[in-house]
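**Student:** what follows is a protein structure lacking sequence information:
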């Protein structure tokens, strides 16, 4: 297994890029492997988290020398983010990128759920993925209405598009979003990486939606972004609460860098586009350098070895973007009506949930329901991609006469 | 291959109709680049026809309307027209050589990039202003004109000997373009 702690990587003073190096050619949206787009969106979220984390660390760090070192690495990470995110093409619309974000949320979370060793943490991913799955379906219907195009163009047939846990039922009291954390000293290191990865991805989705939503003129588009961005923010709460708040800044920094090594290494192994693979390869070398620095800081300021935080066995097996259709259909069939109460999961609509629903919906249909009604009205049906047969939940099957029923 | 987009009834305005055509143009490009033989030749013919209908409709209806909107839109419209002219030049070469010619693959990719970028420019900077400033019933009426243009275009244009010169300019016979243009003008009034 690949052990990032055994590699030196690229020295920090070799990591700055010129304008020429920053000015990357974007992917061709008409010919790209959808999972290449997914890897780009994922690594953008990971780099954004690296930047935000580093800022928070700096604001909580009284040591000037450490603050300078953080500032330098953060500058490099900003350049990494600019390169990764600028691989996305100007030709793509905001909604097309949104469909890419939801495809990431579905297939990334599904992979993590399938590979999470801890049952309580696994339940958190299984629960969350059904909600992003539903968002993909709502946005796909919006996309056909607003841009007259089909989500198939973006997600291909790799990810199905049909209702998940209906977005209308995803609005819960914030108290019930807070999960119980893992125990940093006994948890499997892969669980730490899984949680940080999904947290970063969801955080980027939330930030993206809350900023691009008002760019639309169509009222239904503005409203749908508002609604789903609020759910994504709740997902950030859901996933970040899985992390042990007892992890100190030094070990958090180390976990961040180690996680980036795992993901760049994973994507380098899987990447089908040689030009993009070269980016993952270079960034892996840079992250190995950052990891060395983080390990030194941990030793110096915390008196611990990096292996005590992330283990000595190397990174987990490579994280892969691949279809998860049967897994998702199984979850749809078994967990569609699941709800949250306290730190656990229940099936009844409890009092606090009902109270929240009343406050928010105020007797009206939310945008996520309206978008489907409007699509049916305009096109006579709703947009779905059901490659593996009818929806596993009877009540969520498309109505008679649908194009894709 | 995705099916043709559903056509949403008479309430559709000209912007929605043009968006539907953009989507169809994207699909036809995918079909042309991803197929061979007869399928490819047919897809290319369909693409040429749709581009003729679509660009003529934009030149006749949409861009002139945009020029009348508040603010100085001339530079923006001139850029769109220049893109359309450039696309026609590339298209001309591709039609003359045919789908089996050397360099067709590269040419069609170039054409695709310029046509799709052109379409995105319109969607981002031109269409929203139409919806903002032009009354909805006028936009719906103009959709009728564009549909008339589609009906006026032959399903399989055969650039023939009778219009070799005209063909060299626009890619398909000028007589066909004239028919499309007449259909738009009489329906738009």
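**Tutor:** Thanks, I have the structure now. The model shown is predicted, which means the values in this text are computed figures rather than measured ones.
**Student:** for chain A, give me the ranges with low pLDDT.
**Tutor:** A:400-405 (pLDDT under 70).
**Student:** near chain B, which residues of it? Just list them.
**Tutor:** A:30-31, A:90-91, A:93, A:144, A:147-150, A:152-153, A:217, A:378-381, A:403 (CB under 8 Å from any CB of the partner chain). To be clear about C-beta, it is placed using only N, CA and C from the backbone, and glycine gets the same treatment.
**Student:** how about the residue most central in space within chain B, nearest residue that isn't a chain neighbour?
**Tutor:** Computing the C-alpha centroid of chain B and ranking residues by CA atoms, centre = their mean puts residue B:54 first, at 2.5 Å. By the measure of CB to CB, 6 or more residues apart in numbering or on different chains, the closest residue to residue B:54 outside its immediate chain neighbours is residue B:21, 4.8 Å from it.
**Student:** the one you found contacts residue B:50, doesn't it?
**Tutor:** Yes - the criterion here is CB atoms under 8 Å, and residue B:21 meets it with residue B:50 at 6.5 Å.
**Student:** so which of those two has more stuff around it?
**Tutor:** Neighbour comparison, residue B:21 and residue B:50: the larger count goes to residue B:21, with 22 against 17 (by other CB atoms under 10 Å in any protein chain shown).
**Student:** contacts only, for residue A:42.
**Tutor:** Neighbouring residues of residue A:42 by CB atoms under 8 Å, 6 or more residues apart in numbering or on different chains: A:104, A:108, A:197, A:201, A:263, A:267.
**Student:** closest to residue A:233 among these?
**Tutor:** residue A:201 (13.6 Å; CB to CB).
**Student:** residue contacts, that closest one?
**Tutor:** With CB under 8 Å, 6+ apart, residue A:201 has these contacts: A:41, A:42, A:45, A:46, A:104, A:105, A:108, A:109.
**Student:** so what's the backbone phi/psi at the residue in chain A that chain B sits nearest to?
**Tutor:** Nearest to chain B in chain A, going by CB to the nearest CB, is residue A:148, at a distance of 3.9 Å. When read as degrees, to the nearest 10, the backbone of residue A:148 gives phi 60, psi 20.
**Student:** before we move on, back to that, pull out the buried members of the residues of chain A next to chain B.
**Tutor:** Neighbour counting with 16 or more other CB atoms under 10 Å in any protein chain shown marks A:30, A:91, A:93, A:144, A:147-150, A:152-153, A:378-379, A:381 as buried within these.
**Student:** in JSON lines: those residues, plus secondary structure.
**Tutor:** Formatted as JSON lines, these follow (DSSP: H, G, I helix; E, B strand; the rest coil):
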{"residue": "A:30", "secondary structure": "coil"}
{"residue": "A:91", "secondary structure": "coil"}
{"residue": "A:93", "secondary structure": "coil"}
{"residue": "A:144", "secondary structure": "helix"}
{"residue": "A:147", "secondary structure": "helix"}
{"residue": "A:148", "secondary structure": "coil"}
{"residue": "A:149", "secondary structure": "coil"}
{"residue": "A:150", "secondary structure": "coil"}
{"residue": "A:152", "secondary structure": "helix"}
{"residue": "A:153", "secondary structure": "helix"}
{"residue": "A:378", "secondary structure": "helix"}
{"residue": "A:379", "secondary structure": "helix"}
{"residue": "A:381", "secondary structure": "coil"}
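**Student:** so how far is the helix or strand containing residue B:22 from its chain's centroid?
**Tutor:** Assigned by DSSP states H and E, residue B:22 belongs to helix B:14-34. Chain-centre distance of helix B:14-34: 9 Å, with CA atoms, centre = their mean, to the nearest Å.
**Student:** C-terminal to that helix, what's the next element?
**Tutor:** Per DSSP H and E, the first helix or strand lying C-terminal to helix B:14-34 is helix B:37-57.
**Student:** that next one vs helix B:14-34, what angle?
**Tutor:** 150 degrees (axes from the mean of the first three to the mean of the last three CA atoms, to 10 degrees).
**Student:** show residues contacting helix B:37-57.
**Tutor:** B:18, B:21-22, B:24-25, B:28-29, B:31-32, B:35, B:84, B:87-88, B:91, B:94-95, B:99, B:108, B:115, B:145-146, B:149-150, B:153-157, B:170-172, B:176-177, B:180-181, B:184.
**Student:** after it, next one along is what?
**Tutor:** Helix B:37-57 is succeeded, C-terminally, by helix B:63-67 (DSSP H and E).
**Student:** against which helices or strands is that next one packed?
**Tutor:** Judged by 3 or more CB pairs under 8 Å, 6 or more residues apart in numbering or on different chains; DSSP states H and E, the packing partners of helix B:63-67 are helix B:74-97, helix B:127-133.
**Student:** so which elements touch the first one?
**Tutor:** Helix B:74-97 makes packing contacts with helix B:37-57, helix B:63-67, helix B:104-121, helix B:164-170 when contacts are defined by 3+ CB pairs under 8 Å, 6+ apart.
**Student:** got a list of what the residue of chain B found nearest chain A touches?
**Tutor:** Closest to chain A within chain B is residue B:19: 3.9 Å, counting by CB to the nearest CB. Applying CB under 8 Å, 6+ apart to residue B:19 gives the contacts A:147, A:148, A:149, B:123, B:127.
**Student:** give me the nearest residue to the second one, chain neighbours excluded.
**Tutor:** Nearest residue to residue A:148 in three dimensions, chain neighbours excluded: residue B:19, at 3.9 Å (CB to CB, 6+ apart).
**Student:** pLDDT score assigned to the one you found?
**Tutor:** We note a pLDDT of 96 for residue B:19 in this prediction.
**Student:** where in chain B is pLDDT low?
**Tutor:** For chain B (pLDDT under 70), the answer is B:1-10, B:154-175, B:188-189.
**Student:** hmm, try it at 90
**Tutor:** Residue ranges of chain B with pLDDT under 90: B:1-12, B:52-53, B:56-57, B:59-61, B:70-76, B:86, B:88-90, B:92-93, B:96, B:145-189.
**Student:** which residue ranges of the stretch 201-350 of chain A form strands?
**Tutor:** A:339-341, A:344-346 (DSSP state E, counting those that start in this stretch).
**Student:** which of those sits most buried?
**Tutor:** For those, the largest average neighbour count (mean count of other CB atoms under 10 Å in any protein chain shown) is found in strand A:339-341, namely a mean of 19.
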